[in-house]
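Peer 1: Could you work out the structure for the sequence below:
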Amino acid sequence: MSPRIRPAALLRLAWTIAFALLLTACAAESPEDTSGARLSGLVVDPQLDEISGLAASRLHPGVLWSVDDGGNPERLFAIDARGQRIATFRVEGVPKTDWEDLASFELDGRAYLLIADVGDNGGLRRSLQLHVVEEPARLENARLKPAWSIAFRWPDGPRDCEAVGVDVARRQVLLVSKKREPPELFRLPLRAPDEGLLTARRVGTLAGVPRPVATPDRPLTRLQRMQSHVTAADVSPDGHTLAVMTYRHLLLYRRDARQSWRSAVTDAPDVRVLPVLPQAEALAWSRDGRTLYATGEFIPAPLYRIVP
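Peer 2: Numbering: from 1, shown residues only. Below is the predicted model of the structure:
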């Protein structure tokens, strides 16, 4: 009697084959150098189908945290560097409109995760929220409650945003707009002075974001026009580099200890071409700051380690 193959195993095999074919096809069309990237794992878990934010754990070596897009329950996922889910945490007491990024940081001897409910595809939201939860000490399914939340608005009307990082030394949250050209950088205090609605402060605009160029005989497609949209960001653990991801590129804005972020993002960034990453949505510095992790929104999603 032939052994029975479980449907889940068949589905994983189909995903893997489809992803391999996609890699081959895209690599043939893209001769650009992505030598700094190595495949770390493959996300195939159906519950991780819409990863929109990624952060490296400050408590658990080798563990990454992730959130998914709007329309899903309020939850955090712990995954390993191969892309396999370890545990799921429900976040209680907060609504979920459009969670679009995640950041990890340490403050006063404790490890935290900042959940950015800042997505606004239609440009309709009058207020947005950041929720900070303390990292759980144990990696097992459980429930979490925010340690604090920040409600805020933009200074001059709604805009879409999917990129947030924490500069813990300056007690600031950095936010990068998605669809504006050039992208705008904003900041908020990491701890709100009260429970009122804050207004994000505009810091400046990002220089050097690559944009495709149209020609008279070859106009840009919609996908090409979207390539420069910023979809994720993270501040390195040492606080000296802001990593920004678009659908096509990784940009590294470096600053010295005395330089402001306003000054740093006006300098030309170090630009890298992303490896094959359909719907690039999530980016995170590793715990030691030596590499970056990047993945996409739809499974099967490759999980890359990128040496900056």
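
Peer 1: I'd like to know how far residue 211 sits from residue 249.
Peer 2: 10 Å (C-beta to C-beta, to the nearest Å). Placement of C-beta: from N, CA and C, glycine included.

Peer 1: Please, where are all the helices along the chain?
Peer 2: 7-29, 222-226, 261-264 (DSSP state H).

Peer 1: ok so, going back, so residue 211 and residue 249 - more neighbours on which side?
Peer 2: Taking neighbours as other C-beta atoms under 10 Å, residue 211 and residue 249 compare with residue 249 leading, 21 against 15.

Peer 1: shouldn't residue 136 be in contact with residue 142?
Peer 2: Yes. Using C-beta atoms under 8 Å, residue 136 makes contact with residue 142 at a distance of 6.2 Å.

Peer 1: and for these two, which residues touch both?
Peer 2: Shared contacts of residue 136 and residue 142, defined by C-beta atoms under 8 Å, 6 or more residues apart in numbering, are found at residue 89.

Peer 1: the more surrounded of the two?
Peer 2: More neighbours surround residue 136 than the other of residue 136 and residue 142, with 19 against 12 (other C-beta under 10 Å).

Peer 1: which residues does that one contact?
Peer 2: Taking C-beta under 8 Å, 6+ apart, we find residue 136 in contact with 89, 142, 144.

Peer 1: and which of those is nearest residue 273?
Peer 2: Of all those, the one with the least separation from residue 273 (C-beta to C-beta) is residue 89, at 34.4 Å.

Peer 1: if I pick the closest residue to the closest one other than its chain neighbours, what's in contact with it?
Peer 2: Nearest residue to residue 89, sequence neighbours excluded (C-beta to C-beta, 6 or more residues apart in numbering): residue 76, at 4.4 Å. With contact taken as C-beta under 8 Å, 6+ apart, residue 76 is in contact with 65, 66, 67, 88, 89, 91, 102, 113, 115, 133, 144.

Peer 1: of the residues you listed, closest to residue 51?
Peer 2: Nearest to residue 51 among the contacts of residue 76, with distances taken as C-beta to C-beta, is residue 66, at 5.0 Å.

Peer 1: how close does that closest one get to residue 228?
Peer 2: 24 Å.

Peer 1: State the distance from the residue lying closest to residue 237 once chain neighbours are set aside to residue 264.
Peer 2: In this structure, residue 237 finds its nearest non-sequential neighbour in residue 289, 4.2 Å apart by C-beta to C-beta, 6+ apart. To residue 264, residue 289 is 16 Å away according to C-beta to C-beta.

Peer 1: ok, the two, which is more surrounded?
Peer 2: For residue 289 versus residue 264, neighbours defined as other C-beta under 10 Å are more numerous around residue 264 (21 against 16).

Peer 1: wouldn't the more buried one be in contact with residue 242 here?
Peer 2: Yes. The criterion here is C-beta under 8 Å, and residue 264 meets it with residue 242 at 6.9 Å.
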